[in-house]
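Asks: Next input, structure requested:
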Amino acid sequence: MVQLCLGAFKAGMREFTANVSGNDLVRVTGYMVRLSDLEKYRAEGSRTNTTWLGEEAARNTRILERQPRVISHEQQMRFSQ
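Replies: Modelled structure (predicted):
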């Protein structure tokens, strides 16, 4: 996992997220946004960042109202196979 993160940073990525409950960083139709930034943008607005792209997509598609769907084998700790 550490190598994956270091490689991502070396490639120029600044933020990444994992599928965990309560995560503030989410993907909204291709945009990585923080839920706290969306709330702040709605309250105050912004002219300098790209949070508005994610906010507009979230508002138009209502994607944040959907139930998260996580399907992974990591949640089922079976090592006997």
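Asks: make it CA atoms for all contacts and neighbour counts henceforth
Replies: Will do.
Asks: Following the chain onward from the worst-scoring helix or strand of the chain on mean pLDDT, which element is next?
Replies: Lowest by mean pLDDT, DSSP states H and E among the helices and strands of the chain is strand 25-28, with a mean of 70. Where DSSP states H and E defines the elements, the next helix or strand beyond strand 25-28 is strand 31-34.
Asks: For that next one, list every residue counted as buried.
Replies: 32-34 (16 or more other C-alpha atoms under 10 Å).
Asks: Which stretches in this protein count as helices?
Replies: Listed in chain order, the helices of the chain (DSSP state H) span residues 2-10, 35-44, 51-61.
Asks: deepest of these, which one?
Replies: helix 51-61 (a mean of 16; mean count of other C-alpha atoms under 10 Å).
Asks: Give me the packing partners of that one, helices and strands only.
Replies: With contacts taken as 3 or more C-alpha pairs under 8 Å, 6 or more residues apart in numbering; DSSP states H and E, helix 51-61 sits against strand 25-28, strand 31-34, helix 35-44.
Asks: Just the mean pLDDT for the longest one, thanks.
Replies: Yep, that's helix 35-44 we're talking about. The average pLDDT for helix 35-44 rounds to 78.
Asks: Stretch 62-77 now?
Replies: Across stretch 62-77, the per-residue pLDDT values average to 65.
Asks: rewinding a little: quick one, which of the helices of the chain is nearest to residue 26?
Replies: helix 35-44 (7.1 Å; C-alpha to C-alpha).
Asks: And for that closest one, what's in contact with it?
Replies: 24-26, 51-52, 54-55 (C-alpha atoms under 8 Å, 6 or more residues apart in numbering).
Asks: Turn the residues you listed into a markdown table, columns for distance to residue 61.
Replies: Shown next, in a markdown table, are the contacts of helix 35-44 (distance: C-alpha to C-alpha, whole Å):
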| residue | distance to residue 61 |
| --- | --- |
| 24 | 19 |
| 25 | 18 |
| 26 | 15 |
| 51 | 16 |
| 52 | 14 |
| 54 | 10 |
| 55 | 10 |
